[in-house]
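J.: sharing a model that was predicted from the sequence below.
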Number of protein chains: 2
Amino acid sequence: MLPANRLWLSEGGVGLLRSLRHYCQKTPRKLTICEAISHLQVGTKIKVQGWVRSVRPQKENLFLHVNDGSSLQSLQVVASSELNHRLLTFGSAVEISGSLVTSPSRKQEVELQADQIDVVGECNPVDFPFKIKKKHGLEYIRQFPHLRCRTNAFSSLLRIRSEATAAIQQYFKPAGQEKNQDEEGHQHFFSVPAYLTVSGQLHLEVMAGAFPGVYTFGPTFRAENSQSRRHLAEFYMVEAEISFTQSLEDLMKVMEDLFRSTTEHLLDQCPEDVALYHKHVSPGYRDNVDLMMKKSFNVITYTEAINILNSSSKKFAFKTDWGCDLQTEHEKYLVKHCGDFPLFVTDYPYALKPFYARDNQDQPLHTAAAVDLLVPGVGEMCGGSLREDRLDLLKTRLAQAGLDEAYGWYLDLRRFGSVPHGGFGMGFERYLQCVLGVDNIKDVIPFPRYSRSCLL
Amino acid sequence: MLPANRLWLSEGGVGLLRSLRHYCQKTPRKLTICEAISHLQVGTKIKVQGWVRSVRPQKENLFLHVNDGSSLQSLQVVASSELNHRLLTFGSAVEISGSLVTSPSRKQEVELQADQIDVVGECNPVDFPFKIKKKHGLEYIRQFPHLRCRTNAFSSLLRIRSEATAAIQQYFKPAGQEKNQDEEGHQHFFSVPAYLTVSGQLHLEVMAGAFPGVYTFGPTFRAENSQSRRHLAEFYMVEAEISFTQSLEDLMKVMEDLFRSTTEHLLDQCPEDVALYHKHVSPGYRDNVDLMMKKSFNVITYTEAINILNSSSKKFAFKTDWGCDLQTEHEKYLVKHCGDFPLFVTDYPYALKPFYARDNQDQPLHTAAAVDLLVPGVGEMCGGSLREDRLDLLKTRLAQAGLDEAYGWYLDLRRFGSVPHGGFGMGFERYLQCVLGVDNIKDVIPFPRYSRSCLL
């Protein structure tokens, strides 16, 4: 049914349109806070739903800030004091209808003049572990994994994780075919079909035996008996495997490209959320990230790394003879030594690497074609290798380890149309630590599970 | 160094361009088979890498088909008989350089005239379990989970899985903001920020307490002691949770939209791969899919379902009194009865549903606001419910089950700014079965793991 002011039809088309528009506005449109503050809807009746982040009652007016997780910024709501209510507290869930208008204040561009405020879920501010106007540290909010999404820091983190996930998927499998072609219709390096599958490098190798490139991204489980700031029992990993690849340089290029394209996407798509971290969590760190975006990562061999460590005057807890595994203390020193900047270390001792790493067949220092990417503050972020694609070499090594029967299927991959290939894994949480400058890995994953702790 | 024909510079710009282009062609460009057959590169020198799908030596010429998994179609290669080689067998891995030309045959648009063929990985055709020109059934290739990616059927399946994954992510989190806005700048229903996270509905609910909508997509584990054609111990699940939702209709709309938008993407992005299934695996099934794209899914209540079953003349193994769980035989009958078409069944008995399902508080038939989506050939594909958002009701029910202490954190979500919300899960493999008409769930997942079987 059209409203009474349809009588103004005689005023012509304009009148009709106006009255119709006015009519449409009677059913307020539901918007996310992100949409509401985007300025596109100013002058319309809208409805928003979210959680109260601040309540400021004044003599005639009531000021609220409402957030629904769709953006870091909250929406300012102005209401008549009559709409105040004892349940309208910090943390309560509300549904508010009103007119979106240009704000007279410089603090925000738009504000909502409320006609109606409903508290749909109350929140006792005495019991609620987060307090109004208080800046809680990451360590404090970590105690409440079921509620910390309601803080600015963790809400930002989840938006960043979501965007980083999208960016990684986009890197491996760009949305439109057209976008990946340069002027000559040629697709860029990795825009081959890529397939999300079950996790595990050996399983990815199965698929690399039939496709140009495959990747997977999902949860990974390690029984790490560690309470460190960089280990979790459950973490997320990106793994990629590339067929017909014969050099570590190819793998390093993909790792570096992946890092840069994901980071560029983040800086572009959620600048405010990233800025929150660079401002409050790791002040001054943005410069480091900017440099990583511009300057090529450093590359040294394991043998060079050992030479650097041996000529250092620093006393290490672990010895650094050629053949030893690099410990966290060594990795940190190397990264610092090379300008506190991401560093590839290549060609590790053959004996240190798993059976699938490709034998460099060198002498007298016997190495495998493996590479780790070490980054400031975190240490190892990526690890990869060319895979042993030669049946006889792989067979011998598996037999020496007594694994040839269990891995008969893996040998089959080298028996039937084997190709030179290689791949790597990147720890997603360590990537987030590296880009945001977050010290503790437990602060970049929704529900951290680690040795002797599984709160949720 | 420029080549000798630079001498033709005097002929003017055209000559220069020609000679330069000719020069560039001396380093053949590496293309995927998909790129090579796309016709864009005809007239250039290229290099392809892949696996031999057929070898046909003739008196003067050798014909090969090479596939690299980037498309269902293989590339025809024509070479002088002199390039033949005893290792050039079905299944071997090859690297081939030559000129891409328009094919004189009608069977393909382009073909590669080979200058050089290298076998990089041999394949003994006697030992290789797949035979040239033989059509192996899905059941046969299932025995070789590490090699079946090399068959047309499974290669297509993996491309379809990959596209379906991309489509699901795109449904929940469209790539560009602009794309999701209608003329008035309003975003469509679900284009709120959506977050990939660890699996598990209760954990999603944690986030739904701070965001408009959240989703997750990843592996899920169930100790299903079943050898059925629709159960796996490890399967992939899409789960979504929507805040501020008060009706099952909202949830059903999202499920139906998700089904349709994902399927539309598949039909659009990998028509040949889907057609392979609709032609060879489930002949005639495409009509069913087309109907699902057009016609709204059916909706009945559980109570109506029981009435249908009770008035049927069919003898069921399990009784169908009000209050009983629906068995596979019942689900199949209901789907058939309602036109062999997707069917929502809503409002199940309260006692049958888990503690988190929202109490409809009805009488005398006490139901919960839960819904299942049943589809032909598969049965249950999605299951969802509104969640009990009222603290007192949830508390009572958890206490009755002796779970109130273990779920203290879950009760907290209702204590601090609770909102009406609901969500659902969709079995990804069952979705693929439903769209492709595949009878056995083991044929739509790379590495099927099920009761008493974990081949890889």
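T.: Perfect, I can see it now. If you're wondering where the values come from, they're calculated on a predicted model, not measured in any experiment. Residues are numbered from 1 along each chain as shown, chains lettered A, B, ... in the order given.
J.: now do stretch A:377-385, average pLDDT.
T.: Mean per-residue pLDDT for stretch A:377-385: 95.
J.: which helix or strand contains residue A:63?
T.: Using DSSP states H and E, residue A:63 maps to strand A:61-67.
J.: span of stretch A:76-89 from start to end?
T.: 15 Å (CA to CA, to the nearest Å).
J.: so where do the helices sit in chain A?
T.: Under the criterion DSSP state H, chain A carries helices at the ranges A:13-24, A:33-36, A:138-141, A:152-172, A:201-208, A:248-269, A:271-276, A:286-294, A:302-310, A:328-337, A:391-400, A:408-415, A:428-436.
J.: for the fifth one, packing partners?
T.: By that I understand helix A:201-208. If contacts are counted by 3 or more CB pairs under 8 Å, 6 or more residues apart in numbering or on different chains; DSSP states H and E, helix A:201-208 sits against strand A:213-221, strand A:234-243, helix A:408-415, strand A:421-427. Where you see a C-beta, it was placed from the backbone N, CA and C, and this is true even at glycine.
J.: which helices and strands sit right next to the first one?
T.: If contacts are counted by 3+ CB pairs under 8 Å, 6+ apart, strand A:213-221 sits against helix A:152-172, helix A:201-208, strand A:234-243, strand B:213-221.
J.: now do the buried residues in that strand.
T.: With burial defined by 16 or more other CB atoms under 10 Å in any protein chain shown, the residues of strand A:213-221 counted as buried are A:213, A:214, A:215, A:216, A:217, A:218, A:219, A:220.
J.: and the furthest pair within those residues?
T.: Taking CB to CB as the measure, these span a maximum distance of 21.8 Å, between A:213 and A:219.
J.: coming back round to it: hey, which of the helices and strands packed on strand A:213-221 is tucked in deepest?
T.: strand A:234-243 (a mean of 24; mean count of other CB atoms under 10 Å in any protein chain shown).
J.: and the angle for that strand with helix A:152-172?
T.: 20 degrees (axes from the mean of the first three to the mean of the last three CA atoms, to 10 degrees).
J.: mean confidence for strand A:234-243?
T.: 90.
J.: next one: stretch A:31-42
T.: pLDDT averaged over stretch A:31-42 gives 89.
J.: dump the C-alpha coordinates for that stretch into PDB.
T.: The C-alpha coordinates for stretch A:31-42 follow below in PDB (Å, rounded to 0.1, in the frame of the first residue of the first chain):
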ATOM      1  CA  LEU A  31      23.600  -2.000   7.100                       C
ATOM      2  CA  THR A  32      26.900  -3.200   8.600                       C
ATOM      3  CA  ILE A  33      28.800  -0.600  10.500                       C
ATOM      4  CA  CYS A  34      31.400  -0.600   7.700                       C
ATOM      5  CA  GLU A  35      28.700   0.200   5.100                       C
ATOM      6  CA  ALA A  36      27.200   2.800   7.400                       C
ATOM      7  CA  ILE A  37      30.400   4.800   7.900                       C
ATOM      8  CA  SER A  38      31.300   4.600   4.200                       C
ATOM      9  CA  HIS A  39      29.300   7.700   3.700                       C
ATOM     10  CA  LEU A  40      27.300   6.300   0.800                       C
ATOM     11  CA  GLN A  41      24.000   6.100   2.700                       C
ATOM     12  CA  VAL A  42      24.000   9.500   4.300                       C
END
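J.: how about that stretch, does it reach chain B?
T.: Yes: residues of stretch A:31-42 contacting chain B under CB under 8 Å from any CB of the partner chain: A:31, A:32, A:34, A:35, A:38, A:40, A:41.
J.: how about those residues in a markdown table, adding neighbour count and distance to residue B:439?
T.: Output for the residues of stretch A:31-42 next to chain B, formatted as a markdown table (neighbours: other CB atoms under 10 Å in any protein chain shown; distance: CB to CB, whole Å):
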| residue | neighbour count | distance to residue B:439 |
| --- | --- | --- |
| A:31 | 25 | 46 |
| A:32 | 23 | 42 |
| A:34 | 20 | 44 |
| A:35 | 25 | 45 |
| A:38 | 18 | 48 |
| A:40 | 15 | 49 |
| A:41 | 18 | 50 |
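J.: of the residues you listed, which is the nearest to chain B?
T.: Distances from chain B to the residues of stretch A:31-42 next to chain B, taken as CB to the nearest CB, are shortest for residue A:40 (3.9 Å).
J.: now do that closest one against residue A:31, distance only.
T.: As for residue A:40, its distance to residue A:31 is 9 Å (criterion: CB to CB, to the nearest Å).
J.: what do you get for residue A:211?
T.: 43 Å.
J.: for stretch A:347-360, buried residues please.
T.: Applying 16+ other CB under 10 Å to stretch A:347-360 flags A:347, A:348, A:349, A:350, A:353, A:355, A:356, A:357, A:358, A:359, A:360 as buried.
J.: and residue B:127, which of the helices and strands packed on strand A:213-221 is closest to it?
T.: helix A:201-208 (17.5 Å).
J.: list the contacts of the closest one.
T.: A:195, A:197, A:214-216, A:239-243, A:356, A:387, A:410, A:413, A:419, A:421, A:423, A:425, B:145-147, B:149, B:158, B:446-447, B:456 (CB atoms under 8 Å, 6 or more residues apart in numbering or on different chains).
J.: for the record, mean pLDDT for it?
T.: Average pLDDT, helix A:201-208: 87.
J.: quick check: angle from that helix to helix B:152-172?
T.: Going by the same axes, to 10 degrees, helix A:201-208 makes 110 degrees with helix B:152-172.
J.: relative to residue A:274, how far out is the residue minimising distance to the centre of chain A?
T.: Geometric centre of chain A, nearest residue: residue A:161, 3.2 Å, by CA atoms, centre = their mean. From residue A:161 across to residue A:274, the span is 12 Å (CB to CB).
J.: let me have the buried residues of stretch A:347-360 in JSON lines, extended by distance to residue A:127 and pLDDT.
T.: Listed next are those as JSON lines, based on distance: CB to CB, whole Å; pLDDT from 0 to 100:
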{"residue": "A:347", "distance to residue A:127": "58", "pLDDT": "98"}
{"residue": "A:348", "distance to residue A:127": "53", "pLDDT": "98"}
{"residue": "A:349", "distance to residue A:127": "57", "pLDDT": "98"}
{"residue": "A:350", "distance to residue A:127": "59", "pLDDT": "97"}
{"residue": "A:353", "distance to residue A:127": "53", "pLDDT": "96"}
{"residue": "A:355", "distance to residue A:127": "55", "pLDDT": "95"}
{"residue": "A:356", "distance to residue A:127": "53", "pLDDT": "96"}
{"residue": "A:357", "distance to residue A:127": "54", "pLDDT": "97"}
{"residue": "A:358", "distance to residue A:127": "59", "pLDDT": "98"}
{"residue": "A:359", "distance to residue A:127": "62", "pLDDT": "98"}
{"residue": "A:360", "distance to residue A:127": "62", "pLDDT": "98"}
